[in-house]
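Engineer: Build me a model from this:
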Amino acid sequence: MNALPACLAEPRLVAALPLRPAEASSLPRVGAVLEILAQRGFRTVSLHHGNRDWLAELVPVFGARLAFGLHGVVSPDELQPALAQTPAFVLANNANPALVRTGIDAGVTVLPAALTPNELLAASDLGAPAVQVLPADVMGGAYGESLQHVLPPSVQLVPRGGLGAWALGRWYKVGAACCVADDTLFADAFDPDGHLGQLRERCGSFVEQVPEPLG
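Structural biologist: Numbering: from 1, shown residues only. Presented below is the predicted three-dimensional model:
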């Protein structure tokens with residue numbers, strides 16, 4: 001099993017942006033959000049694979065401060081064009097073995113996703129360094145603690161989906177390798193009249209939950 005990439009294992013926190021309209025007019029708002037993330041301590045972000053073409057414009061601007069991955073992939077047909085953009089990692093939406101194998105062949109970490117203990121255990125055997133718990137919010141705040149009792153310590157978990165800062169903190173306390181912040185972090189930040197100042201405050205509450213890097 002490969003090691004978790006440094007862009008996931010060291011900051012231990014990913015901001016996963018929602019799918020945005022592909023038009024170039026969306027980019028200024030995305031850039032404003034990314035600037036706030038970088039200023040407030042985020043080091044790793046993920047774009048929806050439907051916005052993968054934006055990497056060519058965003059990496060030259062933010063690449064010195066942010067590592068970029070992609071998420072939302074569900075099939076090898078979606079993964080191939082995503083890999084062509086050379087993301088630092090890919091967060092899949094399921095546990096399709098072909099996704100993990102294709103990533104290994106391309107030298108890009110693809111993390112499978114599952115939910116129940118049996119699904120997570122099976123996904124951990126696919127060769128990826130960690131398994132996403134997706135959607136992590138549907139099982140309640142104590143789910144990570146429950147999984148501690150049924151999964152071996154060798155299974156590294158990356159919860160993703162609807163988690164607030166308090167919930168992230170609980171996952172870290174039970175050993176989550178990394179956590180993914182998404183809709184709860186961004187709220188209305190991408191709306192034309194959304195409150196970027198409130199996003200800045202929320203960023204602080206998420207980042208302060210993060211423990212020391214894996215080591």
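
Engineer: Now do the strands in this structure.
Structural biologist: Assigned strands in the chain, in chain order: 13-16, 44-48, 67-73, 90-92, 110-111, 113-114, 131-133, 157-159, 179-181 (criterion: DSSP state E).

Engineer: most neighbours per residue, which of those?
Structural biologist: Mean neighbour count (mean count of other C-beta atoms under 10 Å) peaks for strand 110-111 among the strands of the chain, with a mean of 29. Glycine gets a C-beta too; all of them are placed from N, C-alpha and C.

Engineer: what is the mean pLDDT for that one?
Structural biologist: In this model, strand 110-111 carries a mean pLDDT of 98.

Engineer: Can you list the strands that that strand pairs with?
Structural biologist: strand 90-92 (parallel) (DSSP bridges).

Engineer: Show residues contacting the partner strand.
Structural biologist: 14, 16, 46, 49, 69-74, 79, 82-83, 99-100, 103, 108-113, 132, 158, 160, 180 (C-beta atoms under 8 Å, 6 or more residues apart in numbering).

Engineer: hmm, try it at 7 Å
Structural biologist: The contact list for strand 90-92 (C-beta atoms under 7 Å, 6 or more residues apart in numbering) reads 46, 69-71, 73, 79, 82, 99, 103, 108, 110-113, 132, 160, 180.

Engineer: ok so, going back, may I see the strands of the chain organised as CSV, with distance to residue 36 added?
Structural biologist: Shown next, in CSV, are those (distance: least, C-beta to C-beta, whole Å):
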stretch, distance to residue 36
strand 13-16, 10
strand 44-48, 11
strand 67-73, 16
strand 90-92, 21
strand 110-111, 25
strand 113-114, 27
strand 131-133, 25
strand 157-159, 23
strand 179-181, 13
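
Engineer: nearest to residue 169, of those?
Structural biologist: Ranking the strands of the chain by proximity to residue 169 (C-beta to C-beta) places strand 179-181 first, at 9.0 Å.

Engineer: And that closest one, what does it pack against?
Structural biologist: strand 13-16, strand 157-159, helix 165-173 (3 or more C-beta pairs under 7 Å, 6 or more residues apart in numbering; DSSP states H and E).

Engineer: wait, which of these is closest to residue 188?
Structural biologist: strand 13-16 (15.4 Å).

Engineer: mind checking how far the closest residue to residue 206 other than its chain neighbours is from residue 61?
Structural biologist: Counting by C-beta to C-beta, 6 or more residues apart in numbering, residue 206 lies nearest to residue 165, which is 4.8 Å off, once chain neighbours are set aside. In this view, residue 165 and residue 61 are 27 Å apart by C-beta to C-beta, to the nearest Å.
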